[in-house]
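1. got a predicted model here, sequence first, then my questions.
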Amino acid sequence: MKAKGRLNAICPYFTMFPLEFPLGVLRDATPGQLVVDPFCGRGTTNYAARTLGLPSIGVDSSPVAVALSQAKLANTSPRYIVAAARRILDEVTEPDDVPEGEFWRWAFHPEVLRVLCRLREGLLANCRSDSRKALRAILLGALHGPRPKARPSYFSNQSQRTYAPKPRYAVGYWKRYGLLPEPVDVLSIVRERAVRYYSDERPASGKVIHGDSRKNIFARVARGKRAHWIITSPPYYGLRTYLPDQWLRNWFLGGPPEVEYSNECQLLHSSPEDFASDLRLVWQNVGKISAPGARLVVRFGGINDRKADPLSIIKMSLEGSGFELQTIKPAGSASSGRRQALHFSRPSGEAREEHDIWAVYVG
Ligand SMILES: C[S@@+](CC[C@H](N)C(=O)[O-])C[C@H]1O[C@@H](n2cnc3c(N)ncnc32)[C@H](O)[C@@H]1O
């Protein structure tokens with residue numbers, strides 16, 4: 001089945017893999033089989049499972065990733081999403097907390113920022129329903145991006161979509177080109193996006209949680225169900241910018257109103273051996289809920305500024321993990337989708353030598 005994949009594009013994420021990759025792997029899945037992604041990022045694996053009618057579990061240590069992946073499994077409709085936004089705006093008429101300073105004055109029109117702060121507060125107080133989860137991801141997706149050519153589609157002044165503007169650079173740029181933030185209509189953008197992403201999605205089942213996959217957290221989510229497919233892409237060795245690059249979206253989710261350089265709960269990048277043993281912990285934990293013969297398929301590569309060989313790292317991580325290496329294929333081969341490298345947006349983060357590593361659970 002070919003997915004339209006519109007919902008998958010609800011918000012970009014640094015280093016997302018293409019939807020065709022998990023869809024290609026899941027060609028042989030049978031109804032009811034559980035799919036797991038222990039580094040789910042923006043939830044591409046979860047969304048692929050949804051389009052095939054399969055239940056899925058996702059785990060990520062980044063709050064932005066979790067918010068996006070939860071929206072991939074939301075069962076709702078445009079009408080409910082817009083109603084959720086209206087309800088929050090009725091309830092939170094005055095925001096308690098509006099960030100101040102030069103960056104914020106240039107990044108958003110003051111009225112737009114106030115509306116965003118009201119929605120932020122409402123969602124921080126309660127984001128339990130699927131409609132609120134979908135609304136939250138829509139707002140994250142529209143938070144920063146290019147200025148309109150015709151109809152506005154983003155809330156911010158001119159920015160990248162994929163990663164957040166770095167305050168000093170961005171303010172300098174906006175000043176140099178005399179770019180003032182525009183008074184866009186937040187609710188119209190939400191409505192338009194809700195229709196685009198949630199008009200005809202198949203019902204979803206599964207759960208995405210915020211957590212550290214090195215810990216024993218999978219049983220709590222799987223509730224006795226066994227995983228048959230583990231499809232994932234761990235951070236590439238040396239790539240540690242998931243949180244700082246998403247600082248503005250992280251602010252919307254309750255984080256501080258400035259760039260945060262913490263790397264809490266991210267894998268250890270101190271040496272290839274440390275990284276591999278962290279990964280082994282993840283495979284061992286997923287193994288605890290895996291059915292005999294479950295497939296683990298990992299898309300992995302390296303980045304240009306690190307010498308470590310990505311394939312030796314993965315092979316090392318599989319030793320003693322309960323998963324036995326079967327095959328290694330270059331990413332981008334038939335039906336595995338474009339290489340992840342194409343989604344990197346900075347020269348220093350350019351991925352190289354991407355491979356799809358297949359292993360089987362032998363216990
Ligand atoms: C390459 S990205 C995954 C992208 C995903 N395949 C997609 O299509 O969006 C790797 C993810 O691993 C997450 N991560 C890093 N360390 C983690 C840990 N210890 N536990 C859970 N997630 C972690 C990062 O936050 C990041 O979202």
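-> All right, it came through fine. Numbering: from 1, shown residues only.
2. all strands of this protein, in order?
-> Assigned by DSSP state E, the strands in the chain fall at 34-37, 56-60, 206-210, 227-232, 290-303, 323-330, 351-361.
3. okay if I get those as TSV plus distance to residue 111 and mean neighbour count?
-> All C-beta atoms are positioned from the backbone trio N, CA, C, and that covers glycine. Below are the strands of the chain laid out as TSV (distance: least, CB to CB, whole Å; neighbours: other CB atoms under 10 Å):
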stretch	distance to residue 111	mean neighbour count
strand 34-37	39	26
strand 56-60	33	29
strand 206-210	32	19
strand 227-232	42	25
strand 290-303	41	21
strand 323-330	51	14
strand 351-361	40	20
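4. weakest of those strands by average pLDDT?
-> For the strands of the chain, mean pLDDT drops lowest on strand 351-361, to a mean of 86.
5. strands paired with it, and their directions?
-> strand 290-303 (antiparallel), strand 323-330 (antiparallel) (DSSP bridges).
6. please name the residues that touch residue 211.
-> 59, 60, 61, 217, 265 (CB atoms under 8 Å, 6 or more residues apart in numbering).
7. the residue in the chain positioned nearest to the ligand - how many residues pack around it?
-> Of all residues in the chain, the one sitting closest to the ligand is residue 41 (2.5 Å; CB to the nearest ligand atom). Here the number of neighbours of residue 41 (other CB atoms under 10 Å) works out to 25.
8. at the contact with the ligand, which residues of this protein appear?
-> Residues of the chain lying near the ligand by CB under 6 Å from any ligand atom: 13, 15-17, 39, 41-42, 44, 59-62, 65, 212-214, 233-235, 242, 265-267.
9. PyMOL command for the buried members of those?
-> Burial among those is assessed by 16 or more other CB atoms under 10 Å; the matching PyMOL selection reads:
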select buried, resi 13+15+16+17+39+41+42+44+59+60+61+62+65+212+213+214+233+234+235+242+266+267
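10. so what are the domain limits for the chain?
-> The domain map for the chain lists 7-73+204-361, 78-198, with the assignment taken from automatic domain parsing.
11. hey, which of the ones you listed is tucked in deepest?
-> For the domains of the chain, the largest average neighbour count (mean count of other CB atoms under 10 Å) is found in domain 7-73+204-361, namely a mean of 20.
12. need the distance between the two termini of that domain.
-> Domain 7-73+204-361 has an end-to-end distance of 31 Å (CA to CA, to the nearest Å).
13. thanks a lot, see you next time.
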